[in-house]
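[1] take a look and give me a structure for this.
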Amino acid sequence: METYLIFVDAVANSNKFWSAKVEGNNLTVEWGRVGYNSQKKVHSLLSHQQAVFKFHNLIAEKKMKGYSESQPQMDGERSISDIRQAIQLLNAIRLAVANRNFGDSYILALNA
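    Below you'll find the predicted structure:
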């Protein structure tokens, strides 16, 4: 049993991940900023059921804080040009989002 959650807020320059994995009675949690060294903690519980219970509780807490489910690696089916286009779009709308200015230039960037 395993999950990978992310929290991205471009305006606040936040790009974090949180993952958890149940193996037997152990729950391993890893977290940090994407692209940087992460932190890890192993919770040793009395039973597999307790590990699963804690796993689901921690996921619920993270989702309440705005984390969403993702995959721990990039989709290998995406081309470099798709990724570059996505980066260009993010750069084009970053200023509009930061200033909360969703006028014509913002709409044009989204529809490009």
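[2] flag the shaky bits of the protein, pLDDT-wise.
    By pLDDT under 70, the weakly predicted segments of the chain are 71-79, 112.
[3] what ranges do the strands span in it?
    All strands of the chain, identified by DSSP state E, fall at 2-9, 14-23, 26-33, 39-44, 68-69.
[4] parallel or antiparallel, which strands does the shortest one pair with?
    On the basis of DSSP bridges, the sheet neighbours of strand 68-69 come out as strand 2-9 (antiparallel).
[5] what angle do strand 26-33 and the partner strand make with each other?
    Counting by axes from the mean of the first three to the mean of the last three Cα atoms, to 10 degrees, strand 2-9 lies at 20 degrees to strand 26-33.
[6] name the residues that touch strand 2-9?
    For strand 2-9, the surrounding residues in contact (Cβ atoms under 8 Å, 6 or more residues apart in numbering) are 14-22, 34, 55, 59, 62-63, 65-72. From N, CA and C alone the C-beta is placed, and that goes for glycine too.
[7] mind listing what's buried in it?
    Neighbour-count burial for strand 2-9 flags Thr3, Tyr4, Leu5, Ile6, Phe7 (criterion: 16 or more other Cβ atoms under 10 Å).
[8] just the CA coordinates of it, formatted as PDB?
    Output of strand 2-9 as PDB, limited to C-alpha atoms (Å, rounded to 0.1, in the frame of the first residue of the first chain):
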ATOM      1  CA  GLU A   2       1.600   3.300  -1.100                       C
ATOM      2  CA  THR A   3       0.600   6.800  -2.000                       C
ATOM      3  CA  TYR A   4       2.300   9.900  -3.500                       C
ATOM      4  CA  LEU A   5       0.800  13.400  -2.800                       C
ATOM      5  CA  ILE A   6       1.900  16.800  -4.100                       C
ATOM      6  CA  PHE A   7       1.200  20.400  -3.100                       C
ATOM      7  CA  VAL A   8       1.900  23.100  -5.700                       C
ATOM      8  CA  ASP A   9       1.300  26.800  -5.200                       C
END
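[9] good, wrapping up.
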